[in-house]
Each structure stands twice: as structure tokens, then as C-alpha cells.
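Peer 1: give me a 3D structure for the following:
(one chain, ligands or ions: 1)
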Amino acid sequence: MRLPRVFGLKADPIAELEDRCRTIRDPVAKLRYMRRSLEHYESVDERLQAVPVAPVRWALYRASRLDKARALFSHNPNGALNAPPRRRPPVAPRARRAVHWAAVLMVVAAGLALAAYPRSRRAGTAPPTLSPVAEHLPLPLDGLPPQGVWLVDSGDDWELYSNGLRIDTTYAVAGEPRRYRAFSLDGEMGEVLHKPSGLVYHTSESDIWPLRESYNEKLRDSSQNLLRYLRRRQVYHYLVDRFGQAFRVVEEADRANHAGMSIWRTGERVWLNLNGPTIGICFETRWEGGRALPITRAQLEAGRRLTDYLRDKWSIAPDMCVTHGLVSVNPRRHLIGHHVDWARGFPFEAFGLPDLYDRPSPAVALFGFDYDEQFLAVMGQPWPGVPSAERELAEEAARTGQTVADVRKERSERYDRWLARHTRDAEESARQAGAAATRTASNH
Ligand SMILES: [Zn+2]
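Peer 2: Coordinates of the predicted model:
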């Protein structure tokens, strides 16, 4: 099956790239060609990821052979990490022929829709409404604060807590030691901290199978594969699967990889790069633009119990429970929304938390960050805290007789200075941790 010409890809992107590279002698020209090609594949990949119906998405990936090229991509724009390998859902032999023709029709329809997509964006119309993959839920829970959640019982691979939370610890591993500091608003670095002081919510952007009994095996397998993948890379502290099982991945007290380059502010404190201060909670689902709640009721209830347990245990302030999309940045280009999982649609209220989409975006207000067309293509419009932060920049410009662009530039230079100090401090702590490990080893 060939992909419609709109994608501009040949049958096998990798083979084509290799063939073409062999014909280019000049190494600089070769590198430039490779980089351009990968950028093009990534942009096609992003458009494929926006296809809302999973079987169509699988058909398109298979038809484009783009699944082979994904391993080369530097990032997965809708989530925290490149998704584990994708497989097609099982199809009974009798149904295969019908599904084949249905898939051909859907590929053609989706191709036409995608071909029209960039034009409609440029015309300034609303982005297409994406349908949810998981069941749609109203917000059912009231916002009681957590109190006194305690360990009731435990076994070799599980813990049970008084609020009904059950944590599966089969996959738990140690991470790097935590050592981080917050900035004060005037740019001073605070004391060294070692305990977690916040939460960041993610979506896994992995394969999502239909939530039906006949898919039990596939549903279980995809969670186990995802967990093994996360454990190897020490990504997230918790994964909540689609049946609401909470799995510990990296020990809470340790640092995990999940929030990368990021910015947040609580009161007088400013936080750069939230892997240090936060615990990462990932819901096994695809965020799908956040236009409908993408998690199951079981996930919502488990996520709420897990949040209450962690907030109670580590004394975490409610405005330090954020989403990845709210805090993620591209530091080099000074752009918000580098990762956009939960950049809208997180059910803060159902988790007993303040709606942080309304908070003025600290990346914009403090550091003059902006957003680009790619961000708008996914989001349609930014969350409310972005325009309110932009109003703060405009007021500052009016007060000081500068242009808004001047204010942005001044503030993004402030970010560069703070980030440089933050990086030096992180390097110093890595050096100290290395020295401590050497001392410990020589004492044995
Ligand atoms: Zn994420």
C-alpha cells in the first residue's frame, strides 16, 4: 500500500535517505541533507500523531513506513519520550478482508483531511476536534484536601494505603539522588533541598487498545512493555495503567527523568528544570489534544488517591501539582509548550487542586517566553495563563517606555543567566555525588 503523495515520502524513508546520502560526496552537504530529511519526517510524524482514530493512525504509519524512521527522531512532540514499538491490533482472519478495504478507504479520507489541514490552519480557522480514545468522563469528585494517608499493609511487591491506594512495586528501581535548589524572585539561589516538593502529571502517548474484555491480553501486555521500557530509562516515578493500577517505577525520594527543561513558580520561589523538585506521575493514555478527558474513571480515581498520598507524605503544596505541558520549555528558542501533554484538559478540580491553567505562565511573565505556529497547530490557542502573563509584559513595557519585544528580550536574557547558574550548580552536585560514591566504594 502506497502513501498518498501529500506526505512527500517514498515507500521506505530510511532506504531512500541512505541511497541519497551515498550519492553526496561533501560531508557537510551530506549532514545538511540528513538533517533536512529528518526534520521533514518529524513534521509528517507530528501530523500522523494528530490522526484521532487509532486504526487509521496505525494504517498510516504502516503505509508510510514511518515507524522505521521514528527511532531517529529527537523527540516525540506530544509526550515525554519516544513511544515503545507500535503493533497493530489483532484481527480475526474472516474480518481481515473487510478491515483491509475499510482501512484503504480511511487512509484515503485521512490523507485528504491532512492535505487540507495546513491550509485551514493558515486561514486562521479552529483546529479539527479530536475524538477521545478512552471513555469520556464528567468530573465526579469533590475537592477534599488529603489528610492522614497511612500504610496499612505491604508484601514483597505491593503496598496498601488507608485511602484505598494500592501500589504495585514489582518494577520499582532506585534513581539518581535528589539535590536541587529554587531561585528567589531576585535571582538568589536558595538552600540545597533533597526531598520532593511537587508533582508533574504526564500521559504516556503509548499504544492504546480498545477497553474491552477481548483485548485483555493486549491491554496487559502493552502496560508491561511500557513499564519495562520506563524502568530501563528511569522515566517517571509512577505509571497508572488503564485499569487504575498504580505502579511505582522510580523510588519517590530519588530523581527520575520526566520533566526535562521546564519552568514553574510558586509564591516567591522560581523552579528551573523540575526533575529535581518533582515526582512524575504518568497516565497510560494518549493526550489527544486534551479536548476530552483521555483517562478512564479507574485512572482518575487512582490518580486522585496517589496524589493525596504523595501530597500528604511529602507536604506538597497544591500549586506545586502541575502538568508537563504547563511547565515544559524549549530553552534555546525561548518557547513554551515543548512537550504539550496535559497542556490543557487536566481535571485539576477532580484532583482537589487549583486550576493552574489560569495562573499567569511564569515562563512568559518572568522570562519573556513565546510560542510558535507548531504550538498553535496542536493547541488552537494557549491556556488562559499565557495571555494573562503577556498582559503583565505589556504593562511593564508601558510603565518603562519600552516595547514589549524589548521587555521580552531583557527577560529572556535573565533566563539565560539563571539557567547558566542552575547548570553550573547541577554539575557541581553531580561532581559531589560522584566523589561521595567513590568514598563509599573505597570504604567497603
Ligand atoms: Zn510528559
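Peer 1: all strands for the protein, in order.
Peer 2: With strands called from DSSP state E, the chain shows them at 151-155, 158-161, 166-168, 183-184, 198-203, 238-240, 246-248, 263-266, 269-272, 278-283, 321-323, 329-330, 335-336.
Peer 1: strands paired with the first one, and their directions?
Peer 2: To tie it back to what came earlier, the one meant is strand 151-155. strand 158-161 (antiparallel) (DSSP bridges).
Peer 1: please parse this protein into its domains.
Peer 2: For the chain, the structural domains run 5-122, 156-437, going by automatic domain parsing.
Peer 1: least reliable of the ones you listed going by mean pLDDT?
Peer 2: If you rank the domains of the chain by mean pLDDT, domain 5-122 sits at the bottom with a mean of 57.
Peer 1: quick one: the helices in the stretch 251-400 of the chain?
Peer 2: Assigned by DSSP state H, counting those that start in this stretch, the stretch 251-400 of the chain shows helices spanning 297-314, 324-327, 362-367, 373-379, 385-400.
Peer 1: okay, these, which one's buried deepest?
Peer 2: helix 324-327 (a mean of 29; mean count of other CB atoms under 10 Å). Using the backbone N, CA and C atoms, a C-beta is placed for each residue, glycine as well.
Peer 1: that older thread, nearest to D19, of the helices of the stretch 251-400 of the chain?
Peer 2: helix 373-379 (29.4 Å; CB to CB).
Peer 1: taking the stretch 151-300 of the chain, what residue is nearest to the ion?
Peer 2: H202 (3.4 Å; CB to the ion).
Peer 1: could you do the stretch 251-400 of the chain as well?
Peer 2: Closest point on the stretch 251-400 of the chain to the ion, by CB to the ion, is H324, at 3.4 Å.
Peer 1: among the helices of the stretch 251-400 of the chain, which comes closest to G267?
Peer 2: The minimum distance between G267 and these falls on helix 362-367, with 11.2 Å, by CB to CB.
Peer 1: show me what that closest one is in contact with.
Peer 2: The contact list for helix 362-367, computed with CB atoms under 8 Å, 6 or more residues apart in numbering, reads 263-265, 270, 327, 329, 334, 336, 369-370, 385-386, 389-390, 392-393, 411-412, 414-415.
Peer 1: any chance of the strands of the chain in JSON lines, plus mean neighbour count?
Peer 2: As requested, these are exported to JSON lines (neighbours: other CB atoms under 10 Å):
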{"stretch": "strand 151-155", "mean neighbour count": "11"}
{"stretch": "strand 158-161", "mean neighbour count": "16"}
{"stretch": "strand 166-168", "mean neighbour count": "18"}
{"stretch": "strand 183-184", "mean neighbour count": "15"}
{"stretch": "strand 198-203", "mean neighbour count": "27"}
{"stretch": "strand 238-240", "mean neighbour count": "27"}
{"stretch": "strand 246-248", "mean neighbour count": "23"}
{"stretch": "strand 263-266", "mean neighbour count": "22"}
{"stretch": "strand 269-272", "mean neighbour count": "22"}
{"stretch": "strand 278-283", "mean neighbour count": "28"}
{"stretch": "strand 321-323", "mean neighbour count": "26"}
{"stretch": "strand 329-330", "mean neighbour count": "21"}
{"stretch": "strand 335-336", "mean neighbour count": "23"}
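Peer 1: now the ones you listed as CSV including distance to N225?
Peer 2: Formatted as CSV, these follow (distance: least, CB to CB, whole Å):
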stretch, distance to N225
strand 151-155, 24
strand 158-161, 21
strand 166-168, 15
strand 183-184, 39
strand 198-203, 16
strand 238-240, 12
strand 246-248, 13
strand 263-266, 31
strand 269-272, 32
strand 278-283, 14
strand 321-323, 25
strand 329-330, 29
strand 335-336, 32
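Peer 1: among these, which comes closest to F348?
Peer 2: strand 321-323 (7.9 Å).
Peer 1: touching that closest one from outside, list them.
Peer 2: 198-202, 264, 274, 278, 307, 311, 341-343, 346, 348, 351, 353, 356.
Peer 1: same check on stretch 219-232?
Peer 2: 84, 171, 173, 204, 206-209, 211, 235-236, 239, 241-243, 245, 247, 249, 282, 284.
Peer 1: buried residues in stretch 333-343?
Peer 2: With burial defined by 16 or more other CB atoms under 10 Å, the residues of stretch 333-343 counted as buried are 334-343.
Peer 1: report the separation between the two terminal residues of it.
Peer 2: 19 Å (CA to CA, to the nearest Å).
Peer 1: before we move on, back to that, and the residue of the stretch 251-400 of the chain closest to the ion, what does it touch?
Peer 2: 80, 200-202, 258-259, 262, 339, 341-343.
Peer 1: go again with 7 Å.
Peer 2: 80, 200-202, 259, 339, 341-342 (CB atoms under 7 Å, 6 or more residues apart in numbering).
Peer 1: for M320, state which of those is nearest.
Peer 2: V200 (9.4 Å).
Peer 1: return the distance of the closest one relative to R411.
Peer 2: 24 Å (CB to CB, to the nearest Å).
Peer 1: select the longest helix from the protein.
Peer 2: Longest helix in the chain, counting residues (DSSP state H): helix 404-443.
Peer 1: packing partners of that one?
Peer 2: On a contact count with 3 or more CB pairs under 7 Å, 6 or more residues apart in numbering; DSSP states H and E, helix 404-443 meets strand 269-272, helix 362-367, helix 385-400.
Peer 1: in that helix, what counts as buried?
Peer 2: Buried residues in helix 404-443 (16+ other CB under 10 Å): 407-408, 411-412, 415, 418-419, 422, 425-426, 429.
Peer 1: can you redo these as TSV with distance to A317?
Peer 2: TSV is the format used below for these (distance: CB to CB, whole Å):
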residue	distance to A317
V407	29
R408	29
R411	25
S412	27
Y415	23
W418	22
L419	24
H422	21
D425	23
A426	23
S429	24
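Peer 1: ok, I167 to R248 distance?
Peer 2: 5 Å.
Peer 1: and T203, how far from W287?
Peer 2: With CB to CB as the criterion, T203 and W287 are 4 Å apart.
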